[in-house]
Each structure stands twice: as structure tokens, then as C-alpha cells.
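Colleague: Take a look and give me a structure for this.
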Amino acid sequence: MVFINKIYYIIFDYIIFSGGIKNMKSKIAFFILLIAAGFVFYLGWTQIKIKPGTFGVVQSKIGGINQKAVIPGEFSWNWDFLIPTNAKLTVFDSKPVNKTTKISGNFQSYDLNGNYSDYLNYYFNFSISLSFTPEAVVSLLQENYVSDDEDLHAYLSNVADSLAQMAADYYLRRSMADSSFNPQSVKRDELISAIASYKDFPEIDVTIFALTDFKLPNYNLYNKQKNMISPFESSEESTSDNESDTKDYSSKSTNILGLEL
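Modeller: The predicted structure is shown next:
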């Protein structure tokens, strides 16, 4: 910018004071042309419209979505802005998206008395950070996944939820196969590679994927409870068997524990 200003000053001094262009009309025409050229340059100069910590993507009615993102500190000039209302610059925040999400649920189970059992309840709390490149956002724009910065954050939030659900499913499968399994023993790289569907989001980089708290289903207690026979059921089965064997149709009455009244 400073270099361009110096050039303008040098040319201006040459026109006004040096007598290089002797005809006044020529001086005025050249000066107007110089101003017009500067105005055209300014219209297409997209770099100055981007603040640090952000980047932009040029979208025009004629050329569509520009493949190259506008990055702070990198010179960028687009002719699309020379046509009124033809182009717009969509600005995105380049900071990673951080989210804390919880996956919870239960495998519905009931004990022998018909009471709901909470042995198979579970939950997983995750802290997730997702980063992305400007080129990835350009791709998302082209595929109509996002249209602006708000859409991008909503998309990444959904990605975080999907990855958390995949991780929770992985932990549950491991815990069902091994009752001594501890999810915190799984390293980040192991977990990421285990989630095959992570490839559904190749444009997203998972920088943080931490399990902060969890509760696994207690399969051991559930199985013990399921195999227990309650005194109520045992008494009913015994009474039923005795009645079937003796076929006693006397008028004696019994209570629900099989005792004579």
C-alpha cells in the first residue's frame, strides 16, 4: 500500500511540475485516467476486506464460487467486483469450533418383578475441537453444505455430535465383549482409526477428542439379577406343581404362598 502511494506521488509530481505533459487537457485526462485506474484496482482488491483471524470466499453470479479463498496477508484481486451486484465476499471465522457433547441412553431392561432396572444405563461426555482449512470450506460451499459462517458452525456442531455417537457405539461394543473394558484406556489415535465413518468428513480435522466422564452399562449386575429367582415366583411354581401332581380338588383354600387357610 505504501509503495503504491509513492508511485502515485511520483506520477502526480511529474504531471504537474515537470512539464512532461505540456498540454493541460492531456494532464487532466491522464489524471482522471489515473484516478479511474486506482478506483478499479480498489474495487477488485479483496484482501483489505478480510480481518485477521478470518478468511473469505468470493461468490459471483457469473463465475460462481472462487476456488481460491481470500487469506489475510496474501494479495488478492478479483475482477468479479467490477460488475455491480455481481459478486459478494462471504467471511468465515478461522478459529476451531469447540463443543462439549453428551451421549446417553439405556438398554431397556426389567427385573423379574416387572420393575425397571437401571443397570444398563450409560452416558459419555466428550470434549471435541474441530479445525478446518479455507479450502475445505470452499468445498463445503460448492457442495451446498454451508452458505455462511453460521451454517459452518452448525455443520461442525453436527459433525461433533456424529463423531461422539460413533465413539459411544465403539465403547459400548467393547464393553459388551469385555466386562473389564475401560474407555479411558483407548488412545485418541486408536479411537479415531476405529471410527470408520470418520471418513465421511474428510475436510474436518479432529484436533481434540477427549472423554471427560462416562458410565458403562453394568452387565454383570444385570445378568446376576436376571438369573435370580424371587421367593414369590419360586412359591408359585411349587404350589402349581403340587396341585398338578395330586389333582386335589378339595374345598381347602390356600394363600399366594401356598399355605392352608
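Colleague: what's the single longest helix in the protein?
Modeller: helix 149-177 (DSSP state H).
Colleague: Tell me which residues of that one come out buried.
Modeller: 151-152, 155-156, 159-168, 170-172, 174-175 (16 or more other CB atoms under 10 Å). Using the backbone N, CA and C atoms, a C-beta is placed for each residue, glycine as well.
Colleague: Repeat that for stretch 65-76.
Modeller: Quick answer for stretch 65-76 (16+ other CB under 10 Å): Asn66, Ala69, Val70, Pro72, Ser76.
Colleague: Gln47 is in contact with the last one, correct?
Modeller: This points to Ser76. Yes. Counting by CB atoms under 8 Å, Gln47 is a contact partner of Ser76 at 4.4 Å.
Colleague: Need the overlap of contacts for the two.
Modeller: Val70 (CB atoms under 8 Å, 6 or more residues apart in numbering).
Colleague: Tally up the residues packed near Ile204, please.
Modeller: By the criterion of other CB atoms under 10 Å, Ile204 has 20 neighbours.
Colleague: what's the helix or strand for the closest residue to Thr54 other than its chain neighbours?
Modeller: Among residues not flanking Thr54 along the chain, Val91 sits closest, at 5.3 Å (CB to CB, 6 or more residues apart in numbering). For Val91, the host element (DSSP states H and E) is strand 87-93.
Colleague: Which secondary structure elements does the next helix-or-strand element following that strand sit against?
Modeller: Using DSSP H and E, the helix or strand that directly follows strand 87-93 along the chain is strand 97-106. Using 3 or more CB pairs under 8 Å, 6 or more residues apart in numbering; DSSP states H and E as the contact test, the elements touching strand 97-106 are strand 121-132, helix 149-177.
Colleague: Please repeat the previous calculation with a cut-off of 10 Å.
Modeller: Secondary-structure packing of strand 97-106 (3 or more CB pairs under 10 Å, 6 or more residues apart in numbering; DSSP states H and E): strand 121-132, helix 149-177, strand 204-215.
Colleague: Out of the ones you listed, which is closest to Ile32?
Modeller: helix 149-177 (39.7 Å; CB to CB).
Colleague: Contacts only, for Val97.
Modeller: For Val97, the contact set (CB atoms under 10 Å, 6 or more residues apart in numbering) comprises 128-132, 152-157, 159-160, 204, 207.
Colleague: Skipping its backbone neighbours, what lies nearest it in space?
Modeller: Leaving aside its sequence neighbours, Val97 sits nearest to Leu156 (CB to CB, 6+ apart; 4.2 Å).
Colleague: measure the one you found to Ile48 for me?
Modeller: Using CB to CB, to the nearest Å, Leu156 is found at 28 Å from Ile48.
Colleague: Rounded mean pLDDT for the helix or strand that the longest helix of the chain is followed by, please.
Modeller: Next in sequence after helix 149-177, counting helices and strands by DSSP H and E, comes helix 188-194. Helix 188-194 carries an average pLDDT of 81.
Colleague: now do stretch 121-134
Modeller: 93.
Colleague: next one: stretch 96-109
Modeller: For stretch 96-109, the mean confidence score works out to 86.
Colleague: what does stretch 69-83 give?
Modeller: On average, stretch 69-83 scores 85.
Colleague: Using PDB, write out every CA atom in it.
Modeller: Presented in PDB, the C-alpha positions along stretch 69-83 are these (Å, rounded to 0.1, in the frame of the first residue of the first chain):
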ATOM      1  CA  ALA A  69     -10.000 -18.400  -0.600                       C
ATOM      2  CA  VAL A  70      -9.100 -14.800   0.400                       C
ATOM      3  CA  ILE A  71      -6.500 -15.000   3.200                       C
ATOM      4  CA  PRO A  72      -5.200 -12.100   5.300                       C
ATOM      5  CA  GLY A  73      -1.700 -11.100   4.300                       C
ATOM      6  CA  GLU A  74      -2.000 -12.700   0.800                       C
ATOM      7  CA  PHE A  75      -2.600 -10.300  -2.100                       C
ATOM      8  CA  SER A  76      -6.000 -11.000  -3.700                       C
ATOM      9  CA  TRP A  77      -7.700  -9.100  -6.500                       C
ATOM     10  CA  ASN A  78     -10.900 -10.300  -8.200                       C
ATOM     11  CA  TRP A  79     -12.400  -8.800 -11.400                       C
ATOM     12  CA  ASP A  80     -15.900 -10.100 -10.300                       C
ATOM     13  CA  PHE A  81     -16.400  -7.000  -8.200                       C
ATOM     14  CA  LEU A  82     -16.000  -4.600 -11.100                       C
ATOM     15  CA  ILE A  83     -19.600  -5.500 -12.200                       C
END
